[in-house]
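Asks: sequence unavailable; structure follows:
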């Protein structure tokens, strides 16, 4: 089992609620038999989903929006640093340089 991923199977004869003993938190995504579904809260704490009778495969994945935002910010920062490195600004001939500064911008 890997972090942020839960998978289980169920064979049901009646409609049921399937409960994982994992804390519900925004960012959990659910697939039932390969189709997207909305994860639910059980008792306001645990991950759950409603299932119809039959054989089912249940998959929960945790991918919070904060992770995606952090990844995007990091990628944009790396892009800005690479652009600055390979396409530096032109020096201003009217600006006095500082010989004690590490960076003369």
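Replies: All right, it came through fine. Nothing here was measured: the structure is a model prediction, and the numbers come from that model.

Asks: tell me the centre residue of this protein?
Replies: Centre of the chain computed as the mean C-alpha position; nearest residue by CA atoms, centre = their mean is residue 63, 3.0 Å away.

Asks: what about that one, distance to residue 12?
Replies: Here residue 63 is placed at a distance of 27 Å from residue 12 (CB to CB, to the nearest Å). No exception for glycine: its C-beta is placed from N, CA and C like everyone else's.

Asks: next one: residue 68
Replies: According to CB to CB, residue 68 and residue 12 sit 34 Å apart.

Asks: just residue 69 next, same as before
Replies: For residue 69, the distance to residue 12 (CB to CB) stands at 38 Å.

Asks: those two: who's more crowded?
Replies: Under the criterion of other CB atoms under 10 Å, the comparison of residue 69 against residue 12 puts residue 12 first, with 13 against 10.

Asks: residue 49 is in contact with that one, correct?
Replies: No - using CB atoms under 8 Å, residue 12 is not in contact with residue 49, being 11.8 Å away.

Asks: low-confidence ranges in the chain?
Replies: Low-confidence segments of the chain (pLDDT under 70): 1, 91-105.

Asks: if you set the cut-off to 80 instead, what comes out?
Replies: Of all residues in the chain, those with pLDDT under 80 make up the ranges 1-2, 88-105.

Asks: just the strands in it please.
Replies: Assigned by DSSP state E, the strands in the chain fall at 5-12, 16-23, 28-32, 35-37, 40-42, 46-51, 54-62.

Asks: tell me the buried residues in the last one?
Replies: This points to strand 54-62. Applying a neighbour-count criterion of 16 or more other CB atoms under 10 Å, the buried positions in strand 54-62 are 56, 58, 60, 62.

Asks: could you check the angle strand 16-23 makes with that strand?
Replies: 20 degrees (axes from the mean of the first three to the mean of the last three CA atoms, to 10 degrees).

Asks: tell me the helices and strands packed up against strand 54-62.
Replies: strand 5-12, strand 16-23, strand 28-32, strand 46-51 (3 or more CB pairs under 8 Å, 6 or more residues apart in numbering; DSSP states H and E).

Asks: who are the contact partners of the closest residue to residue 60 other than its chain neighbours?
Replies: Leaving aside its sequence neighbours, residue 60 sits nearest to residue 6 (CB to CB, 6 or more residues apart in numbering; 4.2 Å). For residue 6, the set of contacting residues under the criterion of CB atoms under 8 Å, 6 or more residues apart in numbering consists of 20, 22, 47, 58-60.

Asks: nothing else from me, thank you.
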